[in-house]
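Enquirer: No letters, just coordinates:
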């Protein structure tokens with residue numbers, strides 16, 4: 001097919017307009033991104049985007065965060081770019097999060113003072129409190145920030161002695177997985193056994209009662225009631241509709257215990 005000069009000229013105009021329009025759109029996008037600090041994550045897994053939970057934690061932290069990365073400059077061991085890529089989303093959400101790099105070979109005293117033992121280790125400081133991070137993992141860093149936010153150690157206590165689940169044992173009704181998650185977020189774990197003469201302290205952040213199989217004594221129930229009436233917090237797990245003598249606790253809290261059982265098919 002022959003294309004006359006007039007038609008060829010029209011095609012050139014159309015192509016030119018299209019290219020001009022495309023360049024104009026690209027320029028506008030770049031301008032808006034620079035002016036509005038907008039950032040798009042086009043990766044398939046959205047790996048450069050922080051989770052909503054992490055963003056919420058960063059919003060709660062008003063004080064500046066200082067992160068020092070101890071990294072060598074060897075070609076094989078240079079982790080600076082991966083660290084920059086990892087921390088950039090945090091900096092975009094929190095403008096007073098400062099990142100600096102120290103070469104431990106050039107400044108071994110600083111590395112020794114910080115207790116750094118691994119190339120690429122991060123030292124995070126918030127309000128004078130510091131912790132170290134050896135993995136570039138969002139959940140690990142976010143949990144670390146949650147720990148640094150706590151100005152006081154909070155104790156979570158599990159009641160034992162009545163067949164309850166325990167933080168230290170592995171089993172279908174035990175609480176070891178819960179204990180690990182709580183520890184990673186800066187909580188201190190403890191156990192309470194009334195039979196050994198222990199008593200509840202107002203300092204306990206939460207009392208955990210993990211589905212006891214043996215009924216508590218009336219005096220033990222009264223101790224728990226006093227703790228709750230003093231503002232204490234309770235995580236109460238019930239299994240097989242067995243309240244183990246804790247009905248007065250339900251009355252104190254004003255809760256009704258419905259009949260029925262929830263079955264997890266995947267449980268062993």
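Expert: Received it, and whenever you're ready, just let me know what you need. None of these values were measured; they are calculated from a predicted model.

Enquirer: Any stretches of the stretch 51-200 of the chain with poor pLDDT?
Expert: Residue ranges of the stretch 51-200 of the chain with pLDDT under 70: 75-77, 169-174.

Enquirer: Show me the helices in it, by range?
Expert: 52-60, 80-93, 108-114, 138-149, 176-184 (DSSP state H, counting those that start in this stretch).

Enquirer: Go through those helices and pick out the most buried.
Expert: With neighbours defined as mean count of other Cβ atoms under 10 Å, those peak in mean count at helix 138-149, which reaches a mean of 18. For the C-beta atoms, the positions are set from N, CA and C on the backbone; glycine is no exception.

Enquirer: Determine how far it lies from the middle of the whole chain.
Expert: Distance of helix 138-149 from the chain centroid (Cα atoms, centre = their mean, to the nearest Å) equals 6 Å.

Enquirer: which helices and strands does that helix pack with?
Expert: helix 52-60, strand 121-126, strand 129-133 (3 or more Cβ pairs under 8 Å, 6 or more residues apart in numbering; DSSP states H and E).

Enquirer: Can you pull out the residues in contact with that helix?
Expert: 50-51, 53-54, 57-58, 60-61, 65, 90, 122, 124, 126-127, 129-131, 133, 184-186 (Cβ atoms under 8 Å, 6 or more residues apart in numbering).

Enquirer: one more time with 7 Å
Expert: 50-51, 53-54, 57, 61, 124, 126, 129, 131, 133, 184-186 (Cβ atoms under 7 Å, 6 or more residues apart in numbering).

Enquirer: quick one: which two of the residues you listed are the most distant?
Expert: 51 and 129 (23.4 Å; Cβ to Cβ).

Enquirer: rewinding a little: specify the stretch among the helices of the stretch 51-200 of the chain that is closest to residue 265.
Expert: Comparing the helices of the stretch 51-200 of the chain by Cβ to Cβ, helix 176-184 comes nearest, at 18.5 Å.

Enquirer: Just to check, residue 114 is in contact with residue 123?
Expert: Yes: when contacts are counted by Cβ atoms under 7 Å, residue 114 is listed as touching residue 123 (5.0 Å).

Enquirer: quick one: contacts for residue 155?
Expert: 188, 190, 203-205.

Enquirer: would a markdown table of those with neighbour count be doable?
Expert: Listed next are those as a markdown table, based on neighbours: other Cβ atoms under 10 Å:
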| residue | neighbour count |
| --- | --- |
| 188 | 12 |
| 190 | 14 |
| 203 | 11 |
| 204 | 17 |
| 205 | 15 |
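
Enquirer: So which of those residues is the closest to residue 110?
Expert: For these, the nearest to residue 110 is residue 188 (30.6 Å; Cβ to Cβ).

Enquirer: Is it correct that the closest one is in contact with residue 150?
Expert: No: Residue 188 is beyond contact range of residue 150, at 10.1 Å (criterion: Cβ under 7 Å).

Enquirer: Now that we're looking at residue 255, what pLDDT does it have?
Expert: Listed pLDDT for residue 255 reads 83.

Enquirer: Let me know the distance separating it from residue 212.
Expert: Distance, residue 255 to residue 212, by Cβ to Cβ, to the nearest Å: 17 Å.

Enquirer: what about these two, which has more around it?
Expert: Taking other Cβ atoms under 10 Å, residue 255 and residue 212 do not tie; residue 212 has more neighbours (23 against 10).

Enquirer: mind listing what that one touches?
Expert: 162-164, 244.

Enquirer: Any of the residues you listed buried? List them.
Expert: Burial by neighbour count, 16 or more other Cβ atoms under 10 Å: within the contacts of residue 212 this picks out 162, 164, 244.

Enquirer: As a check, name the ranges of all strands in the stretch 101-250 of the chain.
Expert: Along the stretch 101-250 of the chain, counting by DSSP state E, counting those that start in this stretch, strands occupy 121-126, 129-133, 155-159, 188-192, 204-210, 234-237.

Enquirer: So which other helices or strands are in contact with the first one?
Expert: Applying 3 or more Cβ pairs under 7 Å, 6 or more residues apart in numbering; DSSP states H and E, we find strand 121-126 packed against strand 65-70, strand 129-133, helix 138-149.

Enquirer: I am finished for the moment; much appreciated.
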